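*Asks:* Predicted structure and sequence below. I'll ask about it afterward.
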Amino acid sequence: MTQFQTVFLPIVASILIGCWITFYFGIERRMSPRPDPSSFSDSSLIKTESLNIALTADLNSAVLTGKVDIAFQRVDGNCNTFVLDSKDLHISKIVDKDSGDELEYTLGDKYKDFGSPLSIKLTPATNSVTIHYKTSPSASGVQVLSKEQTLGGRHPYLFTQNQAIHARSVVPCQDTPGIKAPYTAQITVDKPLVAVMSAVSVKSEKGDGTTTYFFDQKTPIPAYLLALVVGDIVSQDISSRVRVWSEKENIDKCAKEFEDTETILKAAEQVAGEYVWGRYDLLVLPPSFPYGGMENPCLTFVTPTLLAGDKSLVNVVAHEIAHSWTGNLVTNANWEHFWLNEGFTVFLERKILAKLAGPEDGEAVRQAAHLLGLNSLKYAIEVFGKDNPLTCLNVDLDDVDPDDAFSSVPYEKGSNFLFYLETLVGGPSVFDPFLRSYIAEHAYKSITSDVFVNYFKVQFPSIKVDWEAWLKTPGMPLVVPDYDDSKQQKSVEVAKAWSAGEISVEVWESLSSKQVIAALTLLHTYDNVTLDTIKQLENSFHFGEAQNSEILFAWCRVCIKARYDEIVERALKFVTIQGRMKYVRPIFRDLFAWEKYRQHAIDVFENKKGFYHNICRSMVEKDILAAKA
């Protein structure tokens, strides 16, 4: 997924609540010493080999009903119980797929946000099971929008968001990135709705008032990359392997904004190697989607907040495309090693952007992006606290919901570490071939940080790195490379001038959208911005009316920090017409910290919280708890 630099756990509140629960009940419940602390399943005993999913989507009740066939291999020949992850699922029966005999099972108590273990008793001959079930209307991985919440206003709309551990609310499975399996699916929907998935569409069959869509994902994927959308959507081809999907009211605008996707994909192949997934479709979701993008294979999800009109925010597409190699092909074995997904992807993303910029400017463009990323990293560490263990590259997630640990740290601290390693070995000319060989060697696998470290040591035996310190030290990176700041100098100068009240329309007109974003982001770091300066900037440049979401976001934060009352309602409108956590959480958090408007911001959120995706809603609710504490 794209980095959402400002999505953080309100650590103190969470710890206090957890301690109270432990004290009150007199016990301490831990997930396990299993390979993935976020999963009830144990991949050292049994592994899923394939899934075949058959579901009917009822958008009026917000429920998916059907079955899943799971074929598996017993790693331990003595294993006679298949434990799966589930969350709020109603299980009607489980049978041996081959014999049809019913199998005994137990559904454990729900434990926090991890759901419940589903334990199936196996016979010696059982090697695949069929689970008949339906999802809950409140499934954490599913959001169903009413027709009024869509652009067309004619039909409801369903989409899933399964990262990190929400696939278990959609299908019973081994919900861990340490297990990869191919899947097939058939999804039945009411006409005229269309279903698309993170797989290749094979065919469709029309029934009495329904259509059934068939899908095949031949490349093994982890459960979190299972994705489904059902809606009144249409598509437009960009190239023979790239297609853009959205509601028809938006399709021309979306196709125009993302018309360069094939070019980005080709640049990515030059950096990382052959694209193995066949199609690269891109779907623009409704505004409540909580992330910038989600790298579902064959069907990347993106937020409509990218529709700036000038393609200035399509770097998110470069990030999601980069995931086709780092994350989707080479995957973190569990969420404690998330930097292997996101740090590598940010690093690749910026190499792709450099390739697109050309040989003259490319390296400076790449390093400018690294410099700008340091600002979000500093903010993340400020929110968490510099000594918080969740600011390490390798984190301990025993009994911690991975959603609560997400931040820009694995993204920016991880990519910074890779840039540092690149400088150690001799620069891009040496590191780029290593990166491609790393991807090729570990493709289709799920790995830990140790695997990367050992591979690096074999390739560069004379290079000395304090791996333990880099991976386990909280706070800012041990070393921040001396990045080339030539591409950022103009934004630096503009931010400095604006902070001093020196405002030039001529200079403003010479800035690109990206330079404005950088200048406003830097301006937010100044403590001397006066209300008079804020008013002059707004009167001169009308930032509060910006259609570019990044500009509006940065401007809202600058104004709130300066305690500019007139921005409050504009900021609240911005965070209640879209649900991207990168924008929603920092602005609400800023307003919660402004005592004058804290309760008003809380009231607005409470009134609008039905609009947000479950993930975003629960994170803001935790921010409110922290603010009240």
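*Replies:* Thanks, I have the structure now.

*Asks:* So which residues of the stretch 351-500 of the chain form strands?
*Replies:* Remark: strands of the stretch 351-500 of the chain, listed N- to C-terminal, are 445-447; assignment by DSSP state E, counting those that start in this stretch.

*Asks:* what about it, any weak spots by pLDDT?
*Replies:* Segments of the stretch 351-500 of the chain classed as low confidence (criterion: pLDDT under 70) are not present in this model.

*Asks:* Show me where it has its helices.
*Replies:* Counting by DSSP state H, counting those that start in this stretch, the stretch 351-500 of the chain has these helices, from start to end: 362-384, 402-405, 414-425, 428-442, 449-459, 467-472, 489-499.

*Asks:* Select the helix or strand of this structure having the lowest average pLDDT value.
*Replies:* Within the chain, no helix or strand scores below helix 11-25, which has a mean of 33 by mean pLDDT, DSSP states H and E.

*Asks:* Just the element for D532, please.
*Replies:* In this structure, D532 sits in helix 531-541 according to DSSP states H and E.

*Asks:* what does that helix contact?
*Replies:* Surrounding helix 531-541, the residues in contact under the criterion Cβ atoms under 8 Å, 6 or more residues apart in numbering are 498-499, 501, 503, 505, 508, 543-544, 558-559, 562-564, 566. The way it works is simple: take the backbone N, C-alpha and C, and place the C-beta from them, glycine included.

*Asks:* Kindly recompute the last result at 6 Å.
*Replies:* If you take Cβ atoms under 6 Å, 6 or more residues apart in numbering as the criterion, helix 531-541 is touched by 501, 503, 508, 544, 559, 562, 564.

*Asks:* Repeat that for stretch 193-204.
*Replies:* If you take Cβ under 6 Å, 6+ apart as the criterion, stretch 193-204 is touched by 185, 187, 189, 211, 213-217, 225, 227-230, 233, 278, 296-299.

*Asks:* again with stretch 356-376
*Replies:* 5, 267, 350, 353-354, 408, 412, 483-488, 518, 521.

*Asks:* Go again with 7 Å.
*Replies:* 5, 264, 267, 350-351, 353-355, 408, 412, 415-416, 419, 480, 483-488, 518, 521, 525 (Cβ atoms under 7 Å, 6 or more residues apart in numbering).

*Asks:* Name the spans of this protein whose pLDDT lies under the cut-off.
*Replies:* For the chain, residues meeting the criterion pLDDT under 70 lie at 1-33.

*Asks:* so I551 is in which element?
*Replies:* Secondary structure assigned from DSSP H and E places I551 in helix 549-561.

*Asks:* Next SSE downstream of that helix?
*Replies:* Helix 549-561 is succeeded, C-terminally, by helix 568-577 (DSSP H and E).

*Asks:* Return the alpha-carbon coordinates of that following helix using PDB.
*Replies:* Extracted C-alpha coordinates of helix 568-577, given in PDB (Å, rounded to 0.1, in the frame of the first residue of the first chain):
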ATOM      1  CA  VAL A 568     -11.300  25.100  10.700                       C
ATOM      2  CA  GLU A 569     -14.500  24.500   8.800                       C
ATOM      3  CA  ARG A 570     -12.600  24.100   5.500                       C
ATOM      4  CA  ALA A 571     -10.400  21.600   7.100                       C
ATOM      5  CA  LEU A 572     -13.300  19.700   8.600                       C
ATOM      6  CA  LYS A 573     -15.100  19.700   5.200                       C
ATOM      7  CA  PHE A 574     -11.900  18.300   3.600                       C
ATOM      8  CA  VAL A 575     -11.700  15.400   6.100                       C
ATOM      9  CA  THR A 576     -15.400  14.500   5.800                       C
ATOM     10  CA  ILE A 577     -15.700  14.300   2.000                       C
END
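
*Asks:* Show me what the next helix or strand after that helix is packed up against.
*Replies:* For helix 568-577, the following helix or strand on the C-terminal side (DSSP H and E) is helix 581-592. With contacts defined as 3 or more Cβ pairs under 7 Å, 6 or more residues apart in numbering; DSSP states H and E, the packing partners of helix 581-592 are helix 549-561, helix 568-577, helix 595-608, helix 614-628.

*Asks:* okay, those helices, which one's buried deepest?
*Replies:* helix 549-561 (a mean of 24; mean count of other Cβ atoms under 10 Å).
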